[in-house]
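[1] Take this sequence and fold it.
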Amino acid sequence: MTNLHGTPIWYELHSADPPASKAFYDHVIGWQIGELAPDMDYRMIETGHGLVGGVMRLTPEMAAGGARPGWLCYFGVDDVDASAEAIKAVGGAVLMGPWSIPGVGRMAMVTDPQGIPFYIMRGDSDEDSTAYDRSGMGKCNWNELITPDQDAGDAFYRHIFHWSYPDVMPMGPIGEYRFIAVGEQTFGATMRHAGEARHPGWRFYFRAPDIEAAVVRVAEAGGSVLSGPMDVPGGDRIIVASDPHGVVFGVVGPGAAG
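    Predicted coordinates:
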């Protein structure tokens, strides 16, 4: 991809039951998760406006190695090998060393110093990824890092991805909600993990046409709404939910005036 270094470029769901995940997310978000890829257990997520990511089967071998169902992000980098070495040098870890898929790109699976996993990738395409789109229907509209050490996490990502934190929003006892920018684009925020039952990690908010309908659809499809609907700055409304496998994700939709 030609996106700026540090840009989110792809989202991936690790699922122990991809057909069940397809049924759930197609119903809740309005996606059309595709059929199996010809050479691996992988399904592309089509929004109707381009791809946002994929669904990969979580195998027993992956689970035995500590992997669990969840959403992960691929962040675009200029050089995967150099970034992997830089991550190790400042306290992160490389879970899967750099590998290449012809026609797709080079990537590695890593963690930050707090153990929160993500991917780094240099895509082979000469076009920008649009998986993150601030208002794109079905796309990821927001990326939220919930971390046990916000200061250390922010410093790590600033060093690796050259992110800046241009603004903050006070959140009372929880601390600060710190907005993240890559270049001139604000695409998410960080916040301190406040001891909630869910694991620290990245949380992603996907856009649906109607947030109230999404609440109903989550329940219809066997998931749970954990918080919301609530209004957020900019006129949207959000919920935080879990799918039938306990995977936490966000949904964003237009507010009453939208």
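[2] Distance check, the residue nearest to Pro200 when sequence neighbours are not counted against Asp243.
    In space, Pro200 comes closest to His193 once its chain neighbours are excluded; the distance is 4.3 Å by Cβ to Cβ, 6 or more residues apart in numbering. (C-beta placed from N, C-alpha, C; glycine too.) Here the distance between His193 and Asp243 works out to 21 Å (Cβ to Cβ, to the nearest Å).
[3] For the two, indicate the residue with more neighbours.
    Residue environment comparison for His193 versus Asp243 gives the larger neighbour count to Asp243, 22 against 19, counting by other Cβ atoms under 10 Å.
[4] next one: phi and psi at that one?
    Taking degrees, to the nearest 10, you get phi -80, psi 180 for the backbone angles of Asp243.
[5] List the contacts of it.
    In this structure, Asp243 makes contact with Ser21, Phe24, Tyr25, Ala221, Gly222, Gly223, Phe249, judged by Cβ atoms under 8 Å, 6 or more residues apart in numbering.
[6] got the residues you listed as TSV, with secondary structure, distance to Val232 and neighbour count columns?
    Converted to TSV, those look like this (DSSP: H, G, I helix; E, B strand; the rest coil; distance: Cβ to Cβ, whole Å; neighbours: other Cβ atoms under 10 Å):
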residue	secondary structure	distance to Val232	neighbour count
Ser21	helix	26	23
Phe24	helix	24	24
Tyr25	helix	21	25
Ala221	coil	24	17
Gly222	coil	26	13
Gly223	coil	21	21
Phe249	strand	16	24
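[7] among the residues you listed, which two are most distant?
    Taking Cβ to Cβ, the two most distant members of the contacts of Asp243 are Gly222 and Phe249; they sit 14.1 Å apart.
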